[in-house]
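> sequence first, predicted coordinates after that:
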Amino acid sequence: MEGTRVGRESSGGEPLITRHEPIDRVFHWSTALAVLLLLASAAVPRLGLKFSWLPLHWVTGVVLSVMVVAHILRATFIQPPGRMWISPRHLHEHARGVRAGKYTLPQKLMHAVLGFAVLLACVTGALLLLRLDTVLWQGDPYLLEPRTWGVIYALHGAASLCILVLSVAHAIRYLLPGRRAYLRAMIRGQMSREEAAALHDPARWSGQRRDDPREIDR
C-alpha cells in the first residue's frame, strides 16, 4: 500500500514496519555514547584511575549540547508536533489500560525527565566551562560568586546522577522479554506488525509515514 513503510520480512515471514528512521537511531546511539563517555570521564578518576579526563569530558559535553539543540530544532520544526507531549488524557487512558499511539506514557515520561536532566546538565556544564582554560578562551573562575558556582556544581551533579539512574533503568527495561521489540527497533529500525499491534493501538499507530495522522498521538 502506498505510504506504508514495509521493510523485509521477519524470520517467521511476517512483514516488518518502520518504527525509527535512521537519523533517529543515529541520534539515540550517539547520545547514549556521549552520556556514557561523560559519566565515565567524571566517575572513573574518582575510583583511582588517573588520566587526562577533563578535555574528554568537556569536548564530549559540547558535542552532546550541539546534538540536543539539533534535536530540539528538529522536533519543533520538522517532526509532527505534540508527539511526545503528555496531557491529562494520557494519564487517564493509561490508568484505564487503554493502549497508546506510537509512544506509551512511560516512554513519554522517560523522554521528558531524561530530556530535562540532559538539558540541565548541558546548561550547567556550559557555565562551568567558562571556568576552564581552553584553546578558544581563557577561563575566569571569578566570573560568578563562589556561592553561585556552588549551586551550579550541585545542579550539574544532581542532573548527572539523575541521568545515570534513568539510563540504567531505561536499559534494564528494554532488556526484559516483553520489551525487546523496542530494543530491536532501535537497532534495526523495524518491528513486526504483530509486535506493534500487541504493544500499541493500531488505530493510533500502525507504522505509516510521518504524515499519517495515526502517528500523531495528542
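In hand now; what should we look at? Numbers count the residues shown, from 1 in each chain.
> remind me, longest helix of this structure?
Using DSSP state H to assign secondary structure, the helix with the most residues in the chain is helix 146-173.
> which element follows that one toward the C-terminus?
Using DSSP states H and E, the helix or strand that follows helix 146-173 in sequence is helix 180-188.
> show me what the very next helix or strand once past that following helix is packed against.
Per DSSP H and E, the first helix or strand lying C-terminal to helix 180-188 is strand 190-192. With contacts taken as 3 or more C-beta pairs under 8 Å, 6 or more residues apart in numbering; DSSP states H and E, strand 190-192 sits against strand 15-18, helix 180-188. Placement of C-beta: from N, CA and C, glycine included.
> run me through the strand neighbours of the first one, direction for each.
By that I understand strand 15-18. The strands that strand 15-18 pairs with in its sheet are strand 6-9 (antiparallel), strand 190-192 (antiparallel) (by DSSP bridges).
> off-centre distance for the last one?
This points to strand 190-192. Centroid separation for strand 190-192 versus its chain: 20 Å, with C-alpha atoms, centre = their mean, to the nearest Å.
> thinking again about what came up before, can you say which of the helices and strands packed on strand 190-192 is nearest to residue 142?
Of all the helices and strands packed on strand 190-192, helix 180-188 sits nearest to residue 142, with 44.9 Å by C-beta to C-beta.
> who's in contact with stretch 172-186?
The contact list for stretch 172-186, computed with C-beta atoms under 8 Å, 6 or more residues apart in numbering, reads 19-20, 25, 28-29, 190-192, 195, 199.
> hmm, try it at 7 Å
Here stretch 172-186 makes contact (C-beta atoms under 7 Å, 6 or more residues apart in numbering) with 19-20, 25, 28, 191, 195, 199.
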